[in-house]
Structure formats: C-alpha cells, structure tokens
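Colleague: any chance you can model this:
(chains A and B)
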Protein chains: 2
Amino acid sequence: MEIEREIEARRERIDAVIERYLPDAEENPYFEKKLREAMRYSVAAGGKRLRPMLMEACFELFGGRGESMHPFMAAIEMIHTYSLVHDDLPAMDNDLYRRGKKTTHAVYGEAMGILAGDGLLNFAYETVAEAMAEQAADRDCLNRMVRAFGVLSSFAGIRGMVGGQSVDVESESLPPSAMTEDKLDYIYEAKPGALIQASMMIGAILAGACEESVGRMQAAGRCLGKAFQIRDDILDVTGNPELLGKPVGSDEKNNKATFVTLRGVEQASSAVESLSQDAVRILDGLGREDTFLRGLFLYLTDREH
Amino acid sequence: MEIEREIEARRERIDAVIERYLPDAEENPYFEKKLREAMRYSVAAGGKRLRPMLMEACFELFGGRGESMHPFMAAIEMIHTYSLVHDDLPAMDNDLYRRGKKTTHAVYGEAMGILAGDGLLNFAYETVAEAMAEQAADRDCLNRMVRAFGVLSSFAGIRGMVGGQSVDVESESLPPSAMTEDKLDYIYEAKPGALIQASMMIGAILAGACEESVGRMQAAGRCLGKAFQIRDDILDVTGNPELLGKPVGSDEKNNKATFVTLRGVEQASSAVESLSQDAVRILDGLGREDTFLRGLFLYLTDREH
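Modeller: Residues are numbered from 1 along each chain as shown, chains lettered A, B, ... in the order given. All right, here's what the predicted structure looks like:
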C-alpha cells in the first residue's frame, strides 16, 4: 500500500531527527553514562513515531517551512517514551517486554528506570529551552515556540496525560463495573488523546496557523486519539499476536475496563469508524491541500498493529 | 538570632507564593483529584524553601523589581520536591518518613508516588510556560525568562540533578571503597549543587544581571551547595535527632560513602568553613549592597538542622 510505504519512509526520517536531539552517550562517559544509555535505550526501542509524524504532517499542512518543529518532534517523543518507561514499572503495569524488547527497568533496574523516565521528561523541556534560546532574535518564531511550549507542557501534565494515567491507575484497583462511560472518556481523551492533540496543535502553531485552525486540529486530534485507543482495545480482542508483537487478550486477563468490555467489539468498531470520519471531515473542512494526513488518519484507525 | 527571624519570615512569604502556583485541588474534583492531592501533599510537607529563598535574594541583590521571579521560585521548589518524592520510593531510598511526615508514596501508594513526582516535574515547566506566555509582549522580560528556563531545565537534568542522582544510585550498589573523591565531587556538585546554583543564577538572570555576574553566582552556588551537603553529612554524625527531625547515623547504617566517611568529621568541618568563606568572598567581590544573602550563606553552612 502506498500509504504504508510513505509512513515507513517518514518514520525513518523521523528516527534520524530524534537521534539528533537525544543526549550524547559519550558526553560524560565516566559518570552518568548508565543513565544516558538507559534514556537512549528507551527511545531507541522504537515505535510508530506517531506523535512526531502527526506534528510534522500538520506543520506541512499549514505551509510550515524550515525545521523549527524538529526539536518539538523530538521533545514530544521523549515525553511519550518517558510515560511508557514509567507505565512499565513494577508499581504500575509491571511489564518486562514492550514491542518484543525488554523494558527499560527490566534491563537497567527499577531505580534507573524511574530516573531514565525523569531524565527523558526533563530533557524534552531542555530541548525546547535550547530551541527557544536559538530563536531569541526572531520574535515571531519565539512567540510561536512559547505557545507550542504551553500546549506541550499542559497536555503532558495533570490536565492531560499524567492526569489520565492517574485515573487509569486508580481504576485498576476497582472492579471493572466501577468504570463509567464518562470516566473512560476522560481517560481516553487524556491517554493517548492529549499528546496526539498536542502534536497536531503544535505542528499547526509552529507553522503559523491562526487560533481557529489550531482549535480545529485539536478537535481532529481528539477524534483521532479516541479512535486510535478504541482500535487498540479491539486489536486486543481480535488482533493477530504476530503482527502486534504482543499477546492479545491482556485486557480481559487483567480485568481491565475498556470501550470493548463496556460496549462490545461491534459497537467499538462503529465508534472507530464514526470518529475516524469525524476527524477526516474536520480536516477536509480546512480546505487545504493535503497529501498525507488524511491517509494517515484512515490508516491509523484501520490498522492491524 | 536576627537572621533566623528573617529566614523564617521569608519562608512564610515564600510558602504563600508557592501556594499560589500549585495546582488547584478542586479544579477537577471528580477525576484526577487524588493526583492533585498527592502533588499538593508533597509540596506542603514543608522544608526550608532554600532554593526559592536563594533565588529571591539573588534577584534582590541585582536590583530586581516586580514579581517575574515568582513562577520560577515555585517551579524550582516543585522540581526539588519531585526529586524528593522519587528519591523516597521503594526502588530508591525506600523512606516512609521525611521531616517527620509520611512520604508521598507511604500515603498514596507507590504508583501515585511516581505519578505525583512526574506531575510536579511537568507542572514546574507548565508554570514557566504560563509565565512566558504572559510576558510575550515584553521582549526583554521574555528573553530573560528564556535564559532562566534554559538554566532551570539544564541544571535539573542529566548534566545536573538527575545525572547526580543516577550516579548516587549506582554507587549504592557498590562497596563504599569504590567511591572516589572526584565521583563524590561530581555527585555533590549535582545534588544538591545543581539546583542551588540554578536558583542563584536564575535570580540574577531575571533581575537583568550580566553574563559575568551570573557566572559569579554560579561559582558562589557551587561552593555553597557543596558546603551545604558536607554540613548535612556532618550532622548525620554529630547532629541532634530532635532538632533534625530524623535519626542520625543513617549514612553509616546504610554503608554510604560521604565526605565524612572518606575524610572524617574534622576535615569535613574545615572544608565547610573554607567553602563557605569562598562563597562569601565571591559575594563580597560583587561590591553590591546586600542585606540578607551573606547572612543566609553563613547560617546555612553553620546550621544545626
């Protein structure tokens, strides 16, 4: 499929961008070498690079030129990665494998897993701070970065990803019957929704889009994020473990309330279809020429892994 | 003592500043309430508020006016607090009490302890981002904030506090005899050194001090941070548990290599004396009228708790 080849080509380019912003493993080979290794290991473990890919595509959609979004692409992937590293810890999901590779704490120990996550979260903001310092003379660019920094930090925080994670963690100690639809909505909007929304908004902001357009990207990101997560829930029931690179049935095994356990696969599939159409409609409504984002939306909500 | 009254008066004022920037416990009472509570609990557990106090005093020293340093004072205390919350986790120091109060994970559970730390670190940068957005029209102020953000993020990260913490953690799995003087120097410079240096530098930057003065504040902060930590090591041997609010002898019990275990109390005391004089000399060398910082330096390196 054409779109798959394009996604793969972009993923490779994005890997190279992220690599440029990761901490140098050799900068201080004597002292905090292990920490730097653990941070690089966590990010190098791969993944779809969905957030930077969405950010770049939205930047292009609004006619962005240059590389001002590169540090933010790296930063949002660092934030996404730190959240996975902390999620995998024994006190959280206690996962030893992710995407077929050992998780960070499984390789480096639990204390270093905590610190690698802390290091990545902080390094994301260091990366943003450096990018801002470089643009201090270009007032327009700096102002866009200030807005982008505001979106990044607020959607990654208690009103976004961390907030959602905390409610998810709390819910796991309750019986699945205690899950309500609006609590699940809140969790999905925050996780993975918040960073997906932030990626699309930041791409638009850095390209110079107006407030209204940024709001539309947020709305599209909200639909896409929710569709993406429900598709994940469906794949956990109907997916092919080989394609997924992980066992299926884990939600049921862990007694976890998801959209699928609340409503069944069929309703979940129609929700994905309808959310995905909503996202595409918002995109089309912008009336901009798009060569990639629409295809990415449809691919993501119809994916098999 | 005059200086103790002044420190206490400032600490109370700083508590009020920090309180203004903490996440509102009631903003979202239904969902991430527990997380907000855990974050507020962690910060409210108290402490000397040394970092914001140094920041404010340096801001005043360089003639700073207004409140542009307030969000940074709150942010650095949030970063300091997150590091304590994560340090106390079972996988790290496994402490159930700090300053006579239960630690965050002891009250809210380990998963919420991790997330409260993550939330505080992220919220520190959210606070900075909001302050920047408010100053977007005042170019000079924004540029100072960009510099301050750079210092904050870099000294809190792998080249600073997190880096030092990772080496400290690694060292704990080694026999104390594996500790070298330059490794211990590195750890002390990073922890607590990095945030102490950053506090003083940020106070100077936000007041509009020149690069050279900021460099001098960093040098003074380096001396002060090291003296402060060695004084801590000494108090762990000679201190009064009631004044300290914690048991003494924990370094020896934990087989931890410190300046005191490497060199003995006497050499440690001369090191504190000499570092403290160095810090004061750098301060005096600025030729600025100071009503508080000098006294704070001397108090901190001579403190009994």
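Colleague: contacting residues for A:Leu84?
Modeller: A:Ser42, A:Arg98 (C-beta atoms under 8 Å, 6 or more residues apart in numbering or on different chains). C-beta here means a position set from N, CA and C on the backbone, and glycine is covered the same way.
Colleague: now do A:Ser250
Modeller: If you count contacts by C-beta under 8 Å, 6+ apart, A:Ser250 has them with A:Asp236, A:Lys256.
Colleague: do the same with A:Lys226
Modeller: Counted by C-beta under 8 Å, 6+ apart, A:Lys226 has contacts A:Asp185, A:Tyr188, A:Glu189, A:Gly193, A:Ala271, A:Leu275.
Colleague: which one (most neighbours) among those?
Modeller: The residue in the contacts of A:Lys226 with the most neighbours, by other C-beta atoms under 10 Å in any protein chain shown, is A:Gly193 (27 neighbours).
Colleague: residue numbers of the stretch 151-300 of chain A in contact with chain B?
Modeller: For the stretch 151-300 of chain A, the residues in contact with chain B (C-beta under 8 Å from any C-beta of the partner chain) are A:152-154, A:156-159, A:162-167, A:169-170, A:183, A:186.
Colleague: go again using 6 Å as the cut-off
Modeller: A:Ser153, A:Ser154, A:Ala156, A:Gly157, A:Ile158, A:Val162, A:Gly163, A:Ser166, A:Val167, A:Val169, A:Glu170, A:Tyr186 (C-beta under 6 Å from any C-beta of the partner chain).
Colleague: wait, the fourth one sits on B:Leu121?
Modeller: Read that as A:Gly157. No: the criterion here is C-beta atoms under 6 Å, and A:Gly157 misses it with B:Leu121 at 9.4 Å.
Colleague: quick check: ChimeraX command selecting the buried ones in the residues of the stretch 151-300 of chain A next to chain B.
Modeller: Command for ChimeraX that selects the buried part of those, burial taken from 16 or more other C-beta atoms under 10 Å in any protein chain shown:
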select /A:153,154,156,157,158,162,163,166,167,169,170,186
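Colleague: now the two most distant members of the residues of the stretch 151-300 of chain A next to chain B.
Modeller: A:Ser153 and A:Glu170 (23.2 Å; C-beta to C-beta).
Colleague: now, the contacts of A:Lys226 that are in helices?
Modeller: With DSSP state H as the criterion, helices contain A:Asp185, A:Tyr188, A:Glu189, A:Gly193, A:Ala271, A:Leu275 from among the contacts of A:Lys226.
Colleague: of the residues you listed, which is the nearest to B:Gly285?
Modeller: A:Gly193 (53.8 Å).
Colleague: before we move on, which element is the nearest residue to the closest one once chain neighbours are set aside in?
Modeller: Of all residues not flanking A:Gly193 in the chain, A:Gly225 sits nearest, at 3.3 Å (C-beta to C-beta, 6 or more residues apart in numbering or on different chains). In this assignment (DSSP states H and E), A:Gly225 forms part of helix A:211-238.
Colleague: just after that helix, pick out the following helix or strand.
Modeller: In the C-terminal direction from helix A:211-238 (assignment by DSSP H and E), the next one is helix A:241-244.
Colleague: report the buried residues of that following helix.
Modeller: Buried, per 16+ other C-beta under 10 Å, within helix A:241-244: A:Leu244.
Colleague: repeat that for stretch A:107-121.
Modeller: Result for stretch A:107-121 [16+ other C-beta under 10 Å]: buried residues A:107-121.
Colleague: keep only those of those that are in helices.
Modeller: Using DSSP H, the buried residues of stretch A:107-121 in helices are A:107-108, A:110-121.
Colleague: residue boundaries of the strands in chain A?
Modeller: A:97-98, A:101-102 (DSSP state E).
Colleague: packing partners for the first one?
Modeller: Going back to what we said before, that points to strand A:97-98. Packing partners of strand A:97-98 (3 or more C-beta pairs under 6 Å, 6 or more residues apart in numbering or on different chains; DSSP states H and E): none among the helices and strands.
Colleague: direction included, what does that strand pair up with?
Modeller: According to DSSP bridges, strand A:97-98 has the following sheet partners: strand A:101-102 (antiparallel).
Colleague: how far is the strand it pairs with from where the chain is centred?
Modeller: 19 Å (C-alpha atoms, centre = their mean, to the nearest Å).
Colleague: gap between A:Lys102 and chain B?
Modeller: Taking C-beta to the nearest C-beta, to the nearest Å as the measure, A:Lys102 falls 17 Å from chain B.
Colleague: burial count for that residue?
Modeller: Counted with other C-beta under 10 Å, A:Lys102 comes out at 15.
Colleague: could you find the closest non-adjacent residue to it?
Modeller: Using C-beta to C-beta, 6+ apart and skipping residues adjacent in sequence, the residue nearest A:Lys102 is A:Leu96, 6.4 Å away.
Colleague: shouldn't that neighbour be in contact with A:Ala106?
Modeller: Yes: with contact defined as C-beta under 6 Å, A:Leu96 reaches A:Ala106; the gap is 4.5 Å.
Colleague: compare these two (neighbour count), which wins?
Modeller: A:Ala106 (16 against 11).
Colleague: doesn't A:Arg98 make contact with the more buried one?
Modeller: No: using C-beta under 6 Å, A:Ala106 is not in contact with A:Arg98, being 9.2 Å away.
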